[in-house]
Every structure is written in C-alpha cells, then in structure tokens.
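> My questions concern the predicted model and sequence given below.
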Amino acid sequence: MFKRILIANRGEIALRVIRACREMGIESVAVYSEADADSPHLQQADVKVCIGGSQSADSYLNVSAILQAAEQTGAKAIHPGYGFLAENALFAELCHQHKFTFIGPPPRVIRLMGDKDTARRTMKAAGVPVVPGSEGLIASPEHGLELAREIGFPVLLKATAGGGGKGMRICRAEGDFEGAFQQASMEAGKAFGNPGLYLEKFIEAGRHIEFQFMADGFGHVVHLGERECSVQRSHQKLVEESPSPVVDAALRAEVGQTVCSGVGAIGYVGAGTMEFLRSPEGELFFMEVNTRLQVEHPVTELVSGLDLVQEQIRIAANETLSWTQDEITLTGHAIECRINAEDPYAGFKPCPGLVEVFEPPLEVEGVTVRLDTHVTSGYRIPVFYDSMICKLIVHGADRDAARLGMLEALRRFKVEGIKTTIEVHQQILADERFAAGTYDTSLIEKMLG
Ligand code: MV4
C-alpha cells in the first residue's frame, strides 16, 4: 500500500480523499493555489505545498508543479479527484512516466472513452445498446444530412471531444441541418481543438441514469447500481438519487451486467460511471463513460455502505476488488443536493464572498445525514473556481423518507453572507413531479417557467 498520496484537487473532494487516506493509515499531501492558502482542507493534510497562482491554469492544472510537489514530498500516488486533471490522459501518462501511480484508469482507457464517438462504437461492439446514430464521424454536411434522413428527425449533433452536454446541437428538420452542422463543428473546434461531430437520434423527455462500476487489474468488474441525475440545469446536476425511481431489480441486474461486460471488454481498471439516456418507453441507451470518481458518488456509498475512494486506492495499489457482485447489496434510498453559492433569482450567477454563518443540519430524525464540504463559518469563497459549497446527502429507509428528511435538513440549513441554491432545492424536493418520481430532464425548465 502507498505510504503517502498527493491529492491534485481542492475543496470538498480534496477533504474527501484526505479522509479516505487517514482511515487507511496513508499520509496525505495537499496542494493549493494562492487563493486557497487559508482553505480548511490544508489543515487536514499531513503536508501542504503551494503549486502556483489563483487561476486554475497556474495551479490545479499545472502539471509540472503538481509532479514537482509529488517529487518533493515523496508521494507515491496521485489522486486527481474530479474535474481539473481527472480525465486528462496525458497527465495520467506523465504521472506513470515519473514513477507515480495515477489513481484512476490506465491512460489508454481515459483516451478511448474521452473520444465520445469511439466510446460509443466500442461499447456498441461490446454489446451495450446505443442510441440509433452515425457509425463514426460525419465527413461532410451532405454526408450528415443523408445519415440524419436515415435516422429520422429530430437528431442531435454531438462533439466527439465534448461530453457532459458541451458542443451539442439539436436539429429538428432537414432545413436546419447544414447551419447546425457548421456551427457545432466550429464551436467544437474552438472549445476542444477537435471539430469532429457524430450524430444520434434525439430522444425527447429522457432521463439521465448512470451506473457506478469498479474494476480491478485482474479482470474483476462489479457494478454498484445506478444513480438518477435527471434534475439538471444547463447540464449542471442539482439533485441526484439512488436508486432511480424507474429502475427495478430486474432491469438493474440486466443493465449492470451489460455495464460490467462492456467495460471489462476494454480492460477498464478503477472506478467509473456509464451514463445512459432512458427513453419515455423505458429503454436505456449508452451515452458515455466517465473515467473518474463523480461528484455524486456519495449516494452510491450510502445505499451500498461501501467506500468508493478507499476502493479506488486499493485498486491502484494492485489489490483485488474487496467485493464480489453477490456481496454488494443496496439498501434504502439516498438523495444528494449540490448546494452552490449562486443567486437563483439572477440566472444562477455565482456569488463568491465571505460565508458569515455556515450551520448545516447535523441530525434529522429517521434518516442519516452526510455533509461533504470544505466550508465553515468565516470561509471566503474564491472567485476562481466552481461555485459548489457543499453536498448534502440524506439516506432513508425508502424514497419518501429520504425526500422528507432532505426537506427537513434543507429547512434547518443556515447560511448567511452569500446567496445559495438552498431554496431551489426545497422547491425541487417539494415538487409533485419529483415526489412522484415521474420527472425527466426538463423538470427544472418547467419549474422555472
Ligand atoms: C442526448 C439527449 C437526447 N438524445 N442524446 C446531455 C449530457 C450529455 N451526456 C448528453 N446529453 C443529452 N444527450 C440523445 N441522443 C439529451 C441530452 C440532454 C440531457 C441529458 C441528461 C440530462 C439533461 C439533459 C439536458 C439536455 C439534453
């Protein structure tokens, strides 16, 4: 096992990884930018190293500064958290070249899944159902239009270097196609340095359902059920839950097995998520594979009782998976609210600044409450990074217990000095469509009018 791990991240996820290290008797190295010099996560680490200026590009994305910090402190492995360098195949490769273990999948797997068209074709070949669409990139607008006619409108143009909703264009009729193609291709070229596009049938009123899986270096793969993440605004998730209200045990077992054989086929090692789009008819179609620990992993931890970060570390240290599929049982229901420092009444504009009071609910009767955060009263939110201040997660015996427990926890949550999305979360949890479990990805649009 590693003696010392460097965490190449900040905020709540840095604290989450430090906690796993401590519980495993591993020393942690925290890195930080100038803006994070007073960040609470630094107190929890065994060693801290400043890696540069406040802009992400100068610090949390500064590969040479991070490798140098690992060298200086004698860390043997690097945990990237999520965001920043977590899905950067080149960074993973450089870690290994410098004799550090990257705690994540092999660079080859990150690269393969990072190209969304390749990921789609690879998973289709491995028997995972994909949305009807193109085989390979679109060679020209004429070629695309021909494919779109075959697939049938509406269609969705997606950037192969995109993911998470970036670089997508809906095309509802033949007349829209050429313009949409040119725009999407131009945008993808600018944003990702890769203009490549592929095409899928556009599925209306879909639900975002993703399966958590873990694979070791010896060919064992397990899944830990699904998370429902359909409550999103501008491709930012607001609420996640596990299990999904529309996945029963039989569907979970069937899709879970497909997920395991799909990622087994590419020699996946580490934690990952396979995202699906569920059509209103109840079919699940592959969308993409995220080769990282996700923000919403706690809901899976609460229903499974397992620690995903510790398991990531064990896998990276060449241990076999701690559990077989039969040993994984999912109990009760968990809901997570991602609470942001944003003004919901001003288009969700970020509101950095001084958090004068931060008094989260510690206990709510009848449910388990977990709070993953780096924020305390007196913390100043820097302007440079994303606006999430905490994840409030509630586990209950069933969905309604978790939902009502979450509502109570949100009511008791006292934050002063900054604006937050807590009220929006209260509205979502109280919404009759959410309560009934019948919502899809258009819920937030409908709620906000
Ligand atoms: C889709 C889709 C409809 N049809 N693909 C958005 C995130 C990215 N992973 C893919 N996304 C979508 N892909 C087809 N063929 C609708 C979306 C989508 C969406 C998906 C999940 C949650 C919210 C969403 C909001 C808008 C669009």
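Nice, thanks for sending it over.

> Phi, psi for Glu288 please.
Reported as degrees, to the nearest 10, the phi and psi values for Glu288 are phi -160, psi 170.

> Identify the residues contacting it.
Contact criterion CB atoms under 8 Å, 6 or more residues apart in numbering gives 113, 116, 119-120, 163, 274-275 as the residues in contact with Glu288. Quick note: C-beta positions are derived from backbone N, CA and C, even for glycine.

> Check Glu71 too.
If you count contacts by CB under 8 Å, 6+ apart, Glu71 has them with His98.

> can you check the one 10 residues further on too?
With contacts taken as CB under 8 Å, 6+ apart, Gly81 has the following neighbours: 7-9, 13-14, 16-17, 292-293.

> Tell me the secondary structure at it.
With DSSP: H, G, I helix; E, B strand; the rest coil as the basis, Gly81 sits in coil.

> For Lys349, give the beta-bridge partners.
Lys349 has these beta-bridge partners by DSSP bridges: Asp343.

> Was I right to think it contacts Asp343?
Yes. If you go by CB atoms under 8 Å, Lys349 and Asp343 touch, sitting 5.1 Å apart.

> In helices, which of the contacts of Gly81 appear?
In helices, judged by DSSP state H, the following of the contacts of Gly81 are found: 13-14, 16-17.

> just to revisit the earlier point, which among the contacts of Gly81 gets closest to the ligand?
Of all the contacts of Gly81, the ligand sits closest to Arg292, with 14.2 Å by CB to the nearest ligand atom.

> ok, and the closest non-adjacent residue to the closest one?
In space, Arg292 comes closest to Ala86 once its chain neighbours are excluded; the distance is 4.2 Å by CB to CB, 6 or more residues apart in numbering.

> So which residues on the stretch 101-250 of the chain come close to the ligand?
Applying the criterion CB under 6 Å from any ligand atom, the portion of the stretch 101-250 of the chain that neighbours the ligand consists of 131, 156, 164-165, 200-203, 206, 208, 230, 232, 235.

> if we can go back for a sec, from the contacts of Glu288, which land in helices?
113, 116, 119-120.

> top helix in the chain by residue count?
Ranked by residue count, the top helix of the chain under DSSP H comes out as helix 174-192.

> Let me see the contact set for the closest residue to the ligand within the stretch 251-400 of the chain.
Per CB to the nearest ligand atom, the residue of the stretch 251-400 of the chain with the smallest distance to the ligand is Met287, at 4.7 Å. By CB under 8 Å, 6+ apart, the contact set of Met287 is 131, 208, 275-277.

> Next: Val309.
The contact partners of Val309, taken as CB under 8 Å, 6+ apart, are 16-17, 19-20, 79, 293, 297.

> which residue sits closest to the most centrally placed residue in the chain in space, ignoring its chain neighbours?
Residue closest to the average C-alpha location in the chain (CA atoms, centre = their mean): Gln294, at 3.3 Å. Using CB to CB, 6+ apart and skipping the chain neighbours, the partner closest in space to Gln294 is Thr273 (5.5 Å).

> What's the separation between that neighbour and Phe286?
Taking CB to CB, to the nearest Å as the measure, Thr273 falls 12 Å from Phe286.

> What of Val375?
Taking CB to CB as the criterion, Val375 is separated from Phe286 by 36 Å.

> swap in Gly256?
Taking CB to CB as the criterion, Gly256 is separated from Phe286 by 14 Å.

> ok, now Glu311?
Taken as CB to CB, the spacing of Glu311 relative to Phe286 amounts to 24 Å.

> do Pro382 as well
With CB to CB as the criterion, Pro382 and Phe286 are 37 Å apart.

> Identify the residues contacting the residue lying closest to Val222 once chain neighbours are set aside.
Ranked by CB to CB, 6+ apart and with sequence neighbours excluded, the top spatial neighbour of Val222 is Gln325, at 4.9 Å. Contact analysis of Gln325 by CB under 8 Å, 6+ apart lists 222-223, 256, 260.

> For stretch 326-344, buried residues please.
Buried residues in stretch 326-344, counting neighbours by 16 or more other CB atoms under 10 Å, are found at 328, 330, 332-342, 344.

> and the next element down the chain from whichever helix or strand Ile51 is part of?
With elements delineated by DSSP states H and E, Ile51 resides in strand 47-52, which encompasses its position. Under the assignment DSSP H and E, the closest C-terminal helix or strand after strand 47-52 is helix 63-73.

> tell me the angle of that next one relative to strand 47-52?
Counting by axes from the mean of the first three to the mean of the last three CA atoms, to 10 degrees, helix 63-73 lies at 150 degrees to strand 47-52.

> can you give me how far helix 63-73 is from the chain middle?
Counting by CA atoms, centre = their mean, to the nearest Å, helix 63-73 is centred 26 Å from the centre of its parent chain.

> do the same with stretch 347-359
What separates the centre of stretch 347-359 from the centre of its chain is 23 Å, taken as CA atoms, centre = their mean.

> Could you do stretch 34-52 as well?
Relative to its chain's centre, stretch 34-52 lies at 24 Å (CA atoms, centre = their mean).

> what's the first-to-last distance across that stretch?
With CA to CA, to the nearest Å as the measure, the ends of stretch 34-52 fall 6 Å from one another.

> For that stretch, give the mean pLDDT please.
Over the span of stretch 34-52, the pLDDT mean works out to 96.

> Please point out which parts of that stretch sit buried.
If you call a residue buried by 16+ other CB under 10 Å, then stretch 34-52 has these buried ones: 35-36, 39-42, 44-45, 47-49, 51-52.

> No more questions from me, cheers.
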